[in-house]
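> Please work out how this folds:
(one chain, ligands or ions: 2)
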Amino acid sequence: MTLWVDASSGASGDMLLGALVGAGVPLEVLQTAVDAIAPEPVGLRAEQVRRGALAATRVHVDVDDSVHHRTWRDVRALLEAADLADGVRATALAAFGRLAVAEARVHGTDPEDVHFHEVGALDAIADVVGAAAGFEHLGHRDRAVVVSPVAVGSGSVRSAHGTLPVPPPAVAELLRGVPSYAGPPGSPAMELCTPTGAALLTTVATGWGPQPPLVTTAIGVGAGGRDPEGHANVLRLLVGETAPHHAHPHGTDDPLLLETNVDDLDPRVWPAVIAALLAAGASDAWLTPILMKKGRPAHTLSVLVSGSRAGAVRAVVFRETSAIGLREQPVTKHALDREIVSVEVGGQPVAVKLARHEGVVVNAQPEYDDVARAAAALGRPVAEVLADAAAASRRFVTG
Ligand SMILES: O=C([S-])c1cc(C(=O)S)c[n+]([C@@H]2O[C@H](COP(=O)(O)O)[C@@H](O)[C@H]2O)c1
Ligand code: NI
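Residues are numbered from 1 along each chain as shown. Ligands and ions are numbered 1, 2, ... in the order given. Below is the predicted model of the structure:
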């Protein structure tokens with residue numbers, strides 16, 4: 001599954017909550033996470049509204065917060081003590097950690113000493129924890145989450161820090177290194193991307209850009225609080241499956257690299273998996289030892305395959321291994337022209353693969369299987385027959 005966030009009208013915590021609910025995440029999923037964190041009752045309420053000409057989902061955070069000021073330490077303690085799923089806690093801590101670093105840079109202090117104002121209020125904490133739970137529900141940590149360039153608005157905004165320029169300093173910090181722009185053109189002069197929105201987007205994003213190839217299965221349109229004239233104040237979330245190859249902008253036979261990390265397959269099975277992948281049409285398949293989350297030794301299975309054979313190869317991966325997902329990317333291959341010729345060793349034929357670069361033979365490689373068969377027929381060591389075959393092949397090399 002792939003997620004694409006359209007932040008071309010900005011982003012805020014409540015817009016993200018609305019988009020997640022609009023895309024099908026049950027409100028109770030968000031509410032349960034918020035209940036786990038909130039020291040005082042916080043109610044989430046979804047409502048269908050219009051923003052400009054667009055129907056959108058507005059999620060209200062109803063709270064009567066008795067605390068008006070929290071430090072990063074306070075927020076971290078709340079998150080660490082809460083009965084949250086590990087993934088939700090990790091996303092929320094990462095988002096607030098980013099907010100703390102941004103605030104510290106803005107004010108020239110240490111992140112540990114940061115005092116949050118609006119972003120430390122219970123409604124902002126609920127936004128972050130609710131959005132973290134929503135993205136967790138969509139399995140974001142195993143998915144591509146692509147975010148469009150972020151519109152930040154223009155003008156100025158009143159805050160606990162006084163009047164701030166747009167983008168507010170914390171937003172500018174949070175969006176370091178990612179694409180953002182003033183506007184969009186024609187939009188009213190207002191803050192469109194808030195610190196909470198920027199912190200969440202930069203925490204969940206795995207990439208930035210226009211909509212990737214996607215077969216969309218759900219669309220969420222999240223409403224912002226304000227509804228200015230002539231501007232639809234919404235954030236869109238598209239949820240979909242990675243587009244099958246025929247929907248890809250490149251030709252149907254472009255090579256693909258399929259990869260998946262596996263930590264629970266009996267290692268004795270791997271040779272059969274590799275053989276089945278090659279039989280299904282993969283041009284190459286290999287394993288790389290890795291250390292996965294939770295310190296688990298595992299393997300990345302990588303498969304190179306042409307688009308037209310990718311379906312059969314995916315089927316082998318899912319049938320023969322314990323993987324329940326894989327990632328795919330188009331790759332560019334540079335393959336030399338090949339030709340098979342033959343040499344003799346002790347009267348035994350051995351095929352030799354020649355590779356040409358710009359017409360010049362740069363490589364002449366005896367086929368190992370032929371060498372092994374010839375060695376068995378001759379009763380000689382494989383290494384010796386290989387050396388003889390390599391020597392006989394050398395005359396083909398022209399460059
Ligand atoms: O709360 C803090 S520390 C804060 C810092 C900044 C800076 O840019 S610095 C800006 N703001 C403003 O608060 C409101 C609410 O933000 P949310 O992310 O909670 O929606 C917003 O207008 C920010 O510009 C707060
Ligand atoms: Ni601040």
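
> use CA for all of it now, contacts and neighbours both
Noted.

> separation between the closest residue to ligand 1 within the stretch 251-399 of the chain and residue 286?
Of the stretch 251-399 of the chain, the residue with the smallest distance to ligand 1, taken as C-alpha to the nearest ligand atom, is residue 293 at 30.7 Å. Relative to residue 286, residue 293 is positioned 21 Å away (criterion: C-alpha to C-alpha, to the nearest Å).

> Between those two, tell me which one has more neighbours.
Using other C-alpha atoms under 10 Å as the criterion, residue 293 and residue 286 rank with residue 286 on top: 16 against 9.

> got a list of what residue 355 touches?
Taking C-alpha atoms under 8 Å, 6 or more residues apart in numbering as the definition of contact, the neighbours of residue 355 are 336-339, 361-364.

> for it, helix, strand, or coil?
When states are read from DSSP: H, G, I helix; E, B strand; the rest coil, the local structure at residue 355 comes out as strand.

> Settle this for me: residue 322 is touching residue 260, isn't it.
No - counting by C-alpha atoms under 8 Å, residue 322 stays clear of residue 260, with 10.1 Å between them.

> that older thread, quick check on the residue of the stretch 251-399 of the chain closest to ligand 1: phi, psi?
As for residue 293, its main-chain torsions (degrees, to the nearest 10) stand at phi -50, psi 150.

> and it, how far is that from residue 143?
Counting by C-alpha to C-alpha, the gap from residue 293 to residue 143 is 16 Å.

> So for the host helix or strand of residue 105, what gets flagged as buried?
Using DSSP states H and E, residue 105 maps to helix 86-107. Buried positions in helix 86-107, judged by neighbour count with 16 or more other C-alpha atoms under 10 Å: 87-105.

> Can you give the contact residues for that helix?
Residues from elsewhere that reach helix 86-107 (C-alpha under 8 Å, 6+ apart): 72, 75-76, 79-80, 110-114, 116, 128-129, 132-133, 136, 169-171, 173-174, 195-196, 199-200, 202-204.

> Can you name the residues of the stretch 1-150 of the chain sitting close to ligand 1?
Contacts of the stretch 1-150 of the chain with ligand 1, taken as C-alpha under 6 Å from any ligand atom, map to 12, 103, 116-119, 124.

> In helices, which of these fall?
For those, membership in helices holds for 103, 124, with DSSP state H as the criterion.

> follow-up on the earlier one: can I have the buried ones of the contacts of helix 86-107 as a PyMOL selection?
Only the buried entries of the contacts of helix 86-107 go into this PyMOL selection, using 16+ other C-alpha under 10 Å:
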select buried, resi 72+75+76+79+80+111+114+116+128+129+132+133+136+169+170+171+173+174+195+196+199+200+202+203+204
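
> what about residue 341, is that helix, strand or coil?
strand.

> List the residues that contact it.
By C-alpha under 8 Å, 6+ apart, the contact list for residue 341 reads 351-354.

> Out of those, who's the most crowded?
The most crowded member of these is residue 352, carrying 24 neighbours; neighbours defined as other C-alpha under 10 Å.

> For the stretch 101-250 of the chain, which segments count as helices?
Counting by DSSP state H, counting those that start in this stretch, the stretch 101-250 of the chain forms helices over residues 122-137, 169-174, 195-204, given from the N-terminal end onward.

> I'd like those as CSV, with mean pLDDT appended.
Compiled in CSV, those are given as follows (pLDDT from 0 to 100):
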stretch, mean pLDDT
helix 122-137, 96
helix 169-174, 97
helix 195-204, 97
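
> can those go into JSON lines with extra columns for distance to residue 272?
Written out in JSON lines, the entries for those read as follows (distance: least, C-alpha to C-alpha, whole Å):
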{"stretch": "helix 122-137", "distance to residue 272": "34"}
{"stretch": "helix 169-174", "distance to residue 272": "47"}
{"stretch": "helix 195-204", "distance to residue 272": "37"}
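
> bridging residues for the spatially most central residue of the chain?
Most central residue of the chain, judged by C-alpha distance to the mean C-alpha position with C-alpha atoms, centre = their mean, is residue 144 at 2.7 Å. Note on residue 144: beta-bridge partners residue 2, judged by DSSP bridges.

> That one and residue 131, how far apart?
Between residue 144 and residue 131 the distance, using C-alpha to C-alpha, works out to 17 Å.

> most neighbours, which of the contacts of residue 355?
For these, neighbours were counted using other C-alpha under 10 Å, and residue 364 has the most, 24 neighbours in all.

> list the buried ones in stretch 306-317?
306-310, 313-314, 316-317.

> any residues touching it, and which ones?
245, 252-256, 273, 276-277, 280-283, 305, 323.

> C-alpha coordinates for it, CSV please?
C-alpha atoms of stretch 306-317 as CSV (Å, rounded to 0.1, in the frame of the first residue of the first chain):
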residue,chain,number,x,y,z
SER,A,306,11.0,-7.5,-16.3
GLY,A,307,7.6,-5.9,-15.8
SER,A,308,5.8,-8.6,-17.8
ARG,A,309,7.0,-11.3,-15.5
ALA,A,310,6.7,-9.5,-12.3
GLY,A,311,3.2,-11.0,-11.5
ALA,A,312,4.6,-14.5,-11.6
VAL,A,313,7.6,-13.5,-9.5
ARG,A,314,5.4,-11.8,-6.9
ALA,A,315,3.3,-15.0,-6.6
VAL,A,316,6.4,-17.0,-5.9
VAL,A,317,7.5,-14.6,-3.2
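
> Average pLDDT for that stretch, rounded please.
Along stretch 306-317, the predicted local confidence has a mean pLDDT of 89.

> Spatially nearest residue to residue 61 (excluding sequence neighbours)?
If the residues on either side of it in the chain are set aside, residue 61 comes closest to residue 44, at 4.8 Å by C-alpha to C-alpha, 6 or more residues apart in numbering.

> so what's the one you found up against?
By C-alpha under 8 Å, 6+ apart, the contact set of residue 44 is 27, 30-31, 59-62.

> Tell me which stretches of the stretch 251-399 of the chain form helices.
270-279, 310-320, 368-378, 382-393.

> Now distance to ligand 1 too, for those helices, in CSV please.
As requested, these are arranged in CSV below (distance: least, C-alpha to the nearest ligand atom, whole Å):
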stretch, distance to ligand 1
helix 270-279, 48
helix 310-320, 42
helix 368-378, 63
helix 382-393, 68
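
> Format these as TSV; extra columns: distance to residue 39.
Listed next are the helices of the stretch 251-399 of the chain as TSV, based on distance: least, C-alpha to C-alpha, whole Å:
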stretch	distance to residue 39
helix 270-279	50
helix 310-320	44
helix 368-378	69
helix 382-393	73
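
> Thank you kindly, that will do.
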